[in-house]
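Peer 1: sequence and predicted structure, then a few things I'm wondering about:
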Amino acid sequence: MRFPRSSGILLHPTSLPGQFGSGDLGAPAYHFVDWLVAAGQSLWQMLPLGPAGLANSPYMSHSAFAGSPLLIDLQELVSHGWLTQEDLCITQGLSAYRVDYSEVTAFRMRIIAKASEQFFKHGTSEDLKQYTLYCAAEKSWLEDYALFQALNHKYGEQEWSSWNTDLAHREPNALKKASEELHDSVAFHKFTQWCFARQWSLLKKYANDRNVILVGDIPIFVAYHSADVWAHPKEFHLDKDGMPTVVAGVPPDYFSKTGQRWGNPLYRWDVIKETKYRWWIERFRKTFALFDVVRIDHFRGFESYWEIPEEEETAVKGRWVKGPGEEFFKNVQRKLGTLPIIAEDLGIITMEVHALREKLEFPGMKVLQFAFNSGPENAYLPHRYEPNCVVYTGTHDNDTTRGWYEKSSNHERDFVRRYCKTDGKEIQWDFIKLALESVAEIAIIPYQDVIGLGSEGRMNIPGTIEGNWEWRFTWDQVGTDSANRLYELTALYGRCNPDRLNLLS
């Protein structure tokens, strides 16, 4: 699928301003949509929206289907009468500048639990009807997710394989008994998902009505400690005790002498094929109900993936194993039709991976921070692009453009200055211009670059587990000129959101 010439911003909702410790789906999200339109932008790209798991990573979620309760707009719950303004007054210790996940999770889950209690006691008949309809429509994943989270809380977030053996192995009578004993907790987790779904649909409509399309993210792998692996163990390489036998990662490369051992369990593609890819098709269906366009993280894993024996501490001793390839995507498309997908094709990419992406006609990714470490033949330099690609100044795994430039080698800085004809004083705007003027059909700019942040604005450092995914901004950092400045470049290079005139009239 080809995309119209356009541009947008990469910003995870947790990074939005707000008074409750993390960004959410409330008023600042709507204000950000307005900012996008004023800046001429047509896309808002986000990271995965699921409940964060290990190290607070959105790529290690407890569910591939659920939405994060931390994104629920608490003020909207007040409007239903399930909370009072007084309930929201106790916000001591919640930072406006970083997401302190331990504090934020404790505060928000306590508040949402109170709202849930009020809903089930005093909710209107219409609200209860809509909740019941939602639970019925989403039953295929929601039942497992809600029970998983209830058990996860009961067992103090220990990995599911360490739970009671009958529960770990999903013995039907044990599941039935647990569902009855943990009824209130199960209902609470269903309530969080209903709230998320209601609020998300309203935000999506608001954005779409203003010609802003939402870009989501599907991680190829899922977390071991997730409802997905617990509910579908036969579709993963697990031993008789439910423990992974092989795990995901990437081999040693330029960036790491020992590679990266991610630790996600690997799929048994032979078993998944026998199910006609049912779980994956439902995963795509759910994701495209939330988003207009989806980026597939680690696309190369569908051609070949790095398999690491579980007992290995690093990614050095692994092997390449063939993935499901074109057949997988053809099966998905037969069920769901042609899908607007962006393929994350970064890292060790072979001719076979390029061939698969090109056959499927998915645009790949170009990252400007990777363009200046060699010479004019570097494939990430804009003069090497073909239109069917998406250019980024950087991604969530990169430093900000300013931070990258300040740490880059003399060779890279010299090459940048000559290529961009710049003194480097506003390197982020040089890169933004470079992306927008390129032939790439889509250009995506991390918001940190628009507001000119250095390394203090970095979202994630791959291979580390402390301090990631915490960055937030405040409206004071944005300033009054950034939207107009970005709009002028966007309009100059033919990428402008046509709805800006409607917003400004």
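Peer 2: Good, I have the coordinates.
Peer 1: switch to C-alpha atoms for all contacts and neighbour counts from now on
Peer 2: Fine.
Peer 1: which ones are touching Met365?
Peer 2: Ile342, Ala343, Glu344, Asp345, Leu346, Cys389, Val390, Val391, Tyr392 (C-alpha atoms under 8 Å, 6 or more residues apart in numbering).
Peer 1: how close does it sit to Ser6?
Peer 2: Remark: distance between Met365 and Ser6 (C-alpha to C-alpha, to the nearest Å) = 15 Å.
Peer 1: so where's the stretch 251-400 of the chain shaky on pLDDT?
Peer 2: Applying pLDDT under 70 to the stretch 251-400 of the chain picks out residues 254-255.
Peer 1: show me where it has its helices.
Peer 2: 269-274, 278-290, 325-336, 351-360 (DSSP state H, counting those that start in this stretch).
Peer 1: just the CA atoms of the shortest one, as PDB, please.
Peer 2: Taking C-alpha atoms only, helix 269-274 is exported to PDB below (Å, rounded to 0.1, in the frame of the first residue of the first chain):
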ATOM      1  CA  TRP A 269       5.200 -21.200  13.700                       C
ATOM      2  CA  ASP A 270       4.300 -24.800  12.700                       C
ATOM      3  CA  VAL A 271       1.600 -24.900  15.300                       C
ATOM      4  CA  ILE A 272       0.400 -21.400  14.500                       C
ATOM      5  CA  LYS A 273       0.100 -22.300  10.900                       C
ATOM      6  CA  GLU A 274      -2.100 -25.200  11.800                       C
END
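Peer 1: picking up where we left off before, from the contacts of Met365, which land in strands?
Peer 2: Judged by DSSP state E, the contacts of Met365 include Ile342, Ala343, Cys389, Val390, Val391, Tyr392 as members of strands.
Peer 1: ok, and the most crowded of those residues?
Peer 2: Neighbour counts for the ones in strands among the contacts of Met365 peak at Val391, which has 31 neighbours (criterion: other C-alpha atoms under 10 Å).
Peer 1: related to what we said a few turns ago, just put the contacts of Met365 in a markdown table and tack on distance to Asp228.
Peer 2: Shown next, in a markdown table, are the contacts of Met365 (distance: C-alpha to C-alpha, whole Å):
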| residue | distance to Asp228 |
| --- | --- |
| Ile342 | 24 |
| Ala343 | 23 |
| Glu344 | 23 |
| Asp345 | 25 |
| Leu346 | 26 |
| Cys389 | 32 |
| Val390 | 30 |
| Val391 | 32 |
| Tyr392 | 31 |
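Peer 1: picking up where we left off before, nearest to Asp24, out of the helices of the stretch 251-400 of the chain?
Peer 2: Nearest to Asp24 among the helices of the stretch 251-400 of the chain is helix 278-290 (15.4 Å), distances taken as C-alpha to C-alpha.
Peer 1: can you give me the strands in the stretch 151-300 of the chain?
Peer 2: 213-219, 246-250, 260-265, 293-297 (DSSP state E, counting those that start in this stretch).
Peer 1: partners of the third one, with directions?
Peer 2: Yep, that's strand 260-265 we're talking about. strand 246-250 (antiparallel) (DSSP bridges).
Peer 1: tell me the mean pLDDT over the strand it pairs with?
Peer 2: Mean per-residue pLDDT for strand 246-250: 96.
Peer 1: got the buried residues for it?
Peer 2: Val246, Val247, Ala248, Gly249, Val250 (16 or more other C-alpha atoms under 10 Å).
Peer 1: quick one, what contacts the third one?
Peer 2: Contacts here follow C-alpha under 8 Å, 6+ apart; on that basis Ala248 touches Phe221, Arg261, Trp262, Gly263, Asn264, Pro265, Leu266, Tyr305, Trp306, Glu307, Ile308.
Peer 1: tell me where the stretch 1-150 of the chain has helices.
Peer 2: All helices of the stretch 1-150 of the chain, identified by DSSP H, counting those that start in this stretch, fall at 27-38, 74-79, 101-122, 125-137, 139-154.
Peer 1: want to throw those helices into TSV with mean neighbour count?
Peer 2: Formatted as TSV, these follow (neighbours: other C-alpha atoms under 10 Å):
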stretch	mean neighbour count
helix 27-38	20
helix 74-79	17
helix 101-122	17
helix 125-137	14
helix 139-154	19
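Peer 1: any chance of those helices in a markdown table with distance to Glu180 and mean pLDDT as columns?
Peer 2: Listed next are the helices of the stretch 1-150 of the chain as a markdown table, based on distance: least, C-alpha to C-alpha, whole Å; pLDDT from 0 to 100:
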| stretch | distance to Glu180 | mean pLDDT |
| --- | --- | --- |
| helix 27-38 | 38 | 97 |
| helix 74-79 | 27 | 97 |
| helix 101-122 | 17 | 97 |
| helix 125-137 | 17 | 98 |
| helix 139-154 | 10 | 98 |
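Peer 1: and which of the contacts of Ala248 is nearest Ile442?
Peer 2: Phe221 (25.5 Å).
Peer 1: with that, I have no additional questions.
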